[in-house]
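1. The following block contains a protein sequence and its predicted model.
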Amino acid sequence: MNNFSLSLTTSDDIVIMRPRGYVDSLGAERLDEASCEVLGQGRKKLVVNFSETQFINSVGVSILISVIQRSRESSGVLCFTNVKQIHQEVFELLGLTQHVKVFREEGEAIRYLAQGQQA
Amino acid sequence: MNTRPDMKLLLFNLSALVDLGQAVTSAKEYADRMKTALYVITGMFSIPRAALFVYDAERHDLACVTSKGVSALTDARLSHDASDLEGMPHNEPVTVRSIRDTGWFKQNAEILGRIDATVIVPLYAREEFIGTIVLGPRLSSSRFLRTERDVLQVASHQIATAISNARLFAQHAEQSAENRRLYENMRGIYHDTIRAFSTAIDAKDQYTKHHSFRVGNYAAAIAHELQWPNNEVEAIYVAGLLHDIGKLSLDVDLINKEDPLTPQEWEKIKRHAEVSYHIVAKIRLPWREVPTYIRHHHERPDGNGYPDALPGRDLSEGAKILALADSYDAMTTDRPYRVRLSPSQAIEEIRRCGGTQFDARISSVLFRLIERDQAEKTPPLPVVRHTASETAMPLAMDPPWRIDA
């Protein structure tokens, strides 16, 4: 059963991805595919808003690492927002947060990216 | 709530091992299971690039079954150097730094370089070399802690066992498919032989051409309607084909005699059920009950049948089905001494003899099949299409069985 869906919206040159449900199986690779498409189009400012993400396991972390890797290889800027405390701890332990900017709210990330990452 | 970071990491690793267990035992395709397993490992240790290679005994090399973060690795193969690879500890991570001087590393430097390999894990299950996991650098650039190495070892062993099991399952499935093919061939030969006998039996009686085929078909239709298992339906079909094989021993003129039979002639005719039984019992058919069904196809629930005059309670359901199928076909085909009955006349006759000559419950199944068959045909077909004609009978070994009234 696949309890995952993804919505994509844009705000100027910023792409916001909202993974919904469970990021715990190959079905969540849609997130990696979407980031690949977006970066391939030359859009380098990505926000992943986790407000509707209920669960992330090791498979989900692996997919997020792919997104980070793609962003790094394309010289993109990747922000995570609305990360639940339990997921935040895992991201920190595994070193993901060394490669992404983490914000409490989506708006903060958008402002950061819109201002040319000066904050 | 103030769990130490290393404890939190261990908890995450343990939950990842649970993820891995679910991944390798899921009902998904092998490729998906292997991909998920590699994703668990790469997620557990935050590794962007990795690949899983499985040993191909036929080509004596390692084929990439799944990879992550590296493009165009799909058809990649690593050479296999037993002296280097098989000397490494089983399912334990080995740093690439420590094997740079080996022949194996040098032979595979290009592919290992594309993955930016830093650690490899030689996979073993039941002391058999299974393949290798190749891991690139960690996102955090950190080394593996002792506990992480232990977790990686457990995870690797789990993946190795899953691959080994998948192989054994594939070999077993292949063997089963081969056995199935052999069985189907044998089954085909059996049926061809039985049909040949059946044709010989029916050829003896000019009035009842194809009688054995129809009886087999009717009996199978009734058994199928009674939800018998397929193998048992097949058994009753075969019993139908062979039930009159004992008539081969009778004189053609006696079988086709139009005048009333003398008591002596009638006794000779009656012997065919027992003769059929003795012939069929000598054949090692895969359906154990067939000879008994045949022996009792002229028995009656009231105990006035032959050859054993058994009461209904001592007769098998198969024998009752065969007796009814035989009588129904006899009623609805022309005989030397009378013209055929229509299906509805036959139903009336069977109903009249319910409980004495025929089993009432099985008769009701036959009636239902006849009615269903007639309802499907508009306009209705002639009562019997096969009597004394060359109309081909259904020769199928398999359902759908039907009452072709």
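-> Done, it's in. Given the structure is predicted, the values throughout are model-derived calculations rather than measurements.
2. rest of the way, CA atoms for contacts and neighbours
-> Fine.
3. Could you identify the longest strand within chain A?
-> The strand that spans the most residues within chain A, counting by DSSP state E, is strand A:14-23.
4. which other residues reach it?
-> Here strand A:14-23 makes contact (CA atoms under 8 Å, 6 or more residues apart in numbering or on different chains) with A:2-10, A:28, A:31, A:38, A:43-57, A:59-60, A:110, A:113-114.
5. pLDDT of it, averaged?
-> For strand A:14-23, the mean pLDDT works out to 96.
6. Run the chain-centre distance for it.
-> Relative to its chain's centre, strand A:14-23 lies at 7 Å (CA atoms, centre = their mean, to the nearest Å).
7. Check stretch A:21-36 too.
-> The chain centroid and the centroid of stretch A:21-36 are separated by 10 Å under CA atoms, centre = their mean.
8. looking at this, B:I133 is in a helix?
-> No. If the criterion is DSSP: H, G, I helix; E, B strand; the rest coil, then B:I133 is strand and not within a helix.
9. restrict the contacts of strand A:14-23 to contacts with chain B.
-> When contact is defined as CA under 8 Å from any CA of the partner chain, the contacts of strand A:14-23 meet chain B at A:N57, A:V59, A:G60.
10. Relative to B:R180, which of those residues is nearest.
-> Distance ranking of these against B:R180, using CA to CA, places A:V59 first at 39.3 Å.
11. which residue packs closest to B:S156, ignoring adjacent ones?
-> Nearest in space to B:S156, with sequence neighbours left out and distances taken as CA to CA, 6 or more residues apart in numbering or on different chains, is B:N91 at 5.6 Å.
12. pLDDT score assigned to B:A392?
-> You'll see B:A392 listed with a pLDDT of 34.
13. Run a quick neighbour tally on the closest residue to chain B within chain A.
-> Going by CA to the nearest CA, chain B is nearest to A:S62 of chain A, at 3.9 Å. Residues lying near A:S62 (other CA atoms under 10 Å in any protein chain shown) number 31.
14. Chain A contacts on the stretch 101-250 of chain B?
-> Near chain A, when you scan the stretch 101-250 of chain B using CA under 8 Å from any CA, you find B:L139, B:S140.
15. ok, now with 6 Å
-> Contacts of the stretch 101-250 of chain B with chain A, taken as CA under 6 Å from any CA of the partner chain, map to B:S140.
16. Low-confidence stretches in the stretch 101-250 of chain B?
-> In the predicted model of the stretch 101-250 of chain B, residues B:206-207 satisfy pLDDT under 70.
17. can you give me the strands in it?
-> B:119-125, B:128-135 (DSSP state E, counting those that start in this stretch).
18. Now do the nearest residue to B:R149 once chain neighbours are set aside: how many residues are near it, please.
-> Leaving out its chain neighbours, the residue that sits closest to B:R149 by CA to CA, 6+ apart is B:P93, at 6.7 Å. Using other CA under 10 Å, B:P93 is surrounded by 23 other residues.
19. if I look at B:P93, how far off is B:W104?
-> 16 Å (CA to CA, to the nearest Å).
20. go on, B:V121?
-> Distance of B:V121 to B:W104, given as CA to CA: 14 Å.
21. count of residues packed around the closest residue to B:E92 other than its chain neighbours?
-> Once flanking residues are discounted, B:E92 sits nearest to B:Q153: 5.1 Å by CA to CA, 6+ apart. B:Q153 is flanked by 19 other residues according to other CA under 10 Å.
22. got the contact list for the longest helix seen in chain A?
-> Secondary structure of chain A per DSSP state H: the longest helix is helix A:58-73. Helix A:58-73 has contacts (CA atoms under 6 Å, 6 or more residues apart in numbering or on different chains) with A:V23, A:D24, A:S25, A:D32, B:A16, B:Y39, B:V40, B:T42, B:G43, B:M44, B:P48.
23. could I get the residues you listed as JSON lines with distance to B:R295 and secondary structure?
-> Formatted as JSON lines, the contacts of helix A:58-73 follow (distance: CA to CA, whole Å; DSSP: H, G, I helix; E, B strand; the rest coil):
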{"residue": "A:V23", "distance to B:R295": "67", "secondary structure": "strand"}
{"residue": "A:D24", "distance to B:R295": "64", "secondary structure": "coil"}
{"residue": "A:S25", "distance to B:R295": "62", "secondary structure": "coil"}
{"residue": "A:D32", "distance to B:R295": "71", "secondary structure": "helix"}
{"residue": "B:A16", "distance to B:R295": "65", "secondary structure": "helix"}
{"residue": "B:Y39", "distance to B:R295": "65", "secondary structure": "helix"}
{"residue": "B:V40", "distance to B:R295": "65", "secondary structure": "helix"}
{"residue": "B:T42", "distance to B:R295": "70", "secondary structure": "helix"}
{"residue": "B:G43", "distance to B:R295": "70", "secondary structure": "helix"}
{"residue": "B:M44", "distance to B:R295": "70", "secondary structure": "helix"}
{"residue": "B:P48", "distance to B:R295": "74", "secondary structure": "coil"}
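24. Right, I'll call it a day here.
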